[in-house]
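> sequence-free structure coming up:
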């Protein structure tokens, strides 16, 4: 590991900063622009989502890793957790400081339900779920993203668990494939939604061999 850029768990003092990093990283993500086409509300809703929902859920129900300079973050949900992100959004919706318009709320609910159905069908048995992986848009991200996901990939290998992620950006596919993920499916969100890809990383064959000996 590069000592100038180690990864570690999140501190409470970093939550707001890392929510801002993720907001910038996902601002133009196809799923986000589909749910929130209005730029006037997008930043505020994303900031709320990462602050109140995604980071909170991963702290309670999974793992979070960031860099020493907080220029990137990986949010994971543990295999032992049944909670869905759609449920977490509904639970925290009252903390949103402004009313989300009905059409955006409907698209968000439908997208989450559809992706959850796909994940259950594709991933099957309990797995690590990479909820979000983002870095500052201004930096070269590949090396940092590799380091951010490495701790949980190692844990998954030791536990003989698979890892699951979905992406709406085809440019992400080479990165995930280099990290051991394989495309498990692809599709389009119904009613004119964006295209997406689902990827699964099986446990390392080397670790399977070690555990069986």
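Arrived safely, thanks for sending. None of the values given here were measured: they were computed from a predicted structure.

> got any ranges where this protein has weak pLDDT?
1-5, 7-8, 83-98, 139-140, 205-213 (pLDDT under 70).

> Neighbouring strands of the strand ranked longest in the chain in the sheet, and parallel or not?
Longest strand in the chain by number of residues (criterion: DSSP state E): strand 127-135. Strands that pair with strand 127-135, judged by DSSP bridges, come out as strand 72-77 (antiparallel), strand 162-167 (parallel).

> Buried deepest among those strands, which one?
Highest mean neighbour count among the strands paired with strand 127-135 (mean count of other Cβ atoms under 10 Å): strand 72-77, with a mean of 26. Quick note: C-beta positions are derived from backbone N, CA and C, even for glycine.

> what does the longest strand of the chain contact?
For strand 127-135, contacts defined as Cβ atoms under 8 Å, 6 or more residues apart in numbering pick out 21-22, 24-26, 50, 54, 57-58, 62, 71-79, 85, 119, 123, 141, 144-145, 148-149, 152, 155-156, 161-165, 200.

> how about 7 Å then?
Strand 127-135 is contacted from outside by 21-22, 25-26, 54, 58, 71-79, 85, 141, 144-145, 148-149, 152, 156, 161-165, using Cβ atoms under 7 Å, 6 or more residues apart in numbering.

> Repeat that for stretch 73-84.
Taking Cβ under 7 Å, 6+ apart as the rule, stretch 73-84 contacts 18, 21-22, 54-55, 57-58, 61-66, 116, 126-134, 148-149, 152, 161.

> Those, buried ones only, as a ChimeraX selection?
The buried residues among the contacts of stretch 73-84 can be selected in ChimeraX (16 or more other Cβ atoms under 10 Å) with this line:
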select :18,21,22,54,55,57,58,61,62,63,64,65,66,127,128,129,130,131,132,133,134,148,149,152,161
